[in-house]
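> next one to model:
(one chain, ligands or ions: 1)
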Amino acid sequence: MEILNKIFLENKAWAADKVHRDKEYFHKLAFIQEPDFLWIGCSDSRVPANEITNTEPGEMFVHRNIANVVDINDINIMSVIQYAVEYLKVKHIIVCGHYGCGGIKAAMTQESFGNMDVWLKKIKNIYSKNAAIIDALATEEDKHKKMVELNVLEGANKIKEIDFVKNNSDVKVHGWVYDLRDGILQPVTD
Ligand code: CO
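Next up, the predicted model:
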């Protein structure tokens, strides 16, 4: 339990530091949530949304799943998007993939991963649709990167087609990719 005790201790130190810098810090946060951004990213522990963007609690509404898949039949992500747009009134929805994504790699193999195959199938479908483009690339690395980018574009495009997003001119949808090797975010373009 040593490792869990460390988490509670670190949490206390973090909270104390916030209060030290601003006495009203938690008081303010407890009453208002007005994030400008909805972040849809991968669950990967190396891509923590707030940390890599230097944002504070309250600034970013976050949804993460394996390989940042956007599926309009997934009630979880759809509820997050609807809440973010209609109630929190976010201005920007960011779908962020990352190079070196294990979910994308797994989906590009023929291996079975048990129950996770249902999830990975959503990514395999993106590969199937774009097989000609991906197979034409020379290296496994290039293929992987292209799949990461296509998955982001597909996700962003699906969100743009949702009625309550399409009909709301205050909301912009973005597709980004994060590179684990240098910590840099870049926009993905068609
Ligand atoms: Co990932």
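> quick one, phi/psi of residue 155?
phi -60, psi -50 (degrees, to the nearest 10).
> next one: it from the ion, what distance?
Residue 155 sits 13 Å away from the ion, going by CB to the ion, to the nearest Å. From N, CA and C alone the C-beta is placed, and that goes for glycine too.
> where does the protein have its least confident helix or strand?
Confidence across the helices and strands of the chain bottoms out at helix 25-31, with a mean of 89, counting by mean pLDDT, DSSP states H and E.
> so what touches that one?
Helix 25-31 is contacted by residues 15, 18, 19, 22, 57, 58 when judged by CB atoms under 8 Å, 6 or more residues apart in numbering.
> near the ion, anything from the next helix or strand along the chain from it?
Using DSSP states H and E, the helix or strand that follows helix 25-31 in sequence is strand 37-42. Yes - on the criterion CB under 5 Å from the ion, strand 37-42 is in touch with the ion at residue 42.
> how about residue 186, nearest residue that isn't a chain neighbour?
residue 177 (5.7 Å; CB to CB, 6 or more residues apart in numbering).
> tell me the pLDDT at the most centrally placed residue in the chain?
Nearest to the mean C-alpha position of the chain, by CA atoms, centre = their mean, lies residue 41 at 1.0 Å. pLDDT recorded at residue 41 is 98.
> rewinding a little: out of the contacts of helix 25-31, which one sits closest to the ion?
For the contacts of helix 25-31, the minimum distance to the ion (CB to the ion) is 23.1 Å, reached by residue 57.
> OK, contacts around that closest one?
Residues near residue 57 by CB under 8 Å, 6+ apart: 29, 50.
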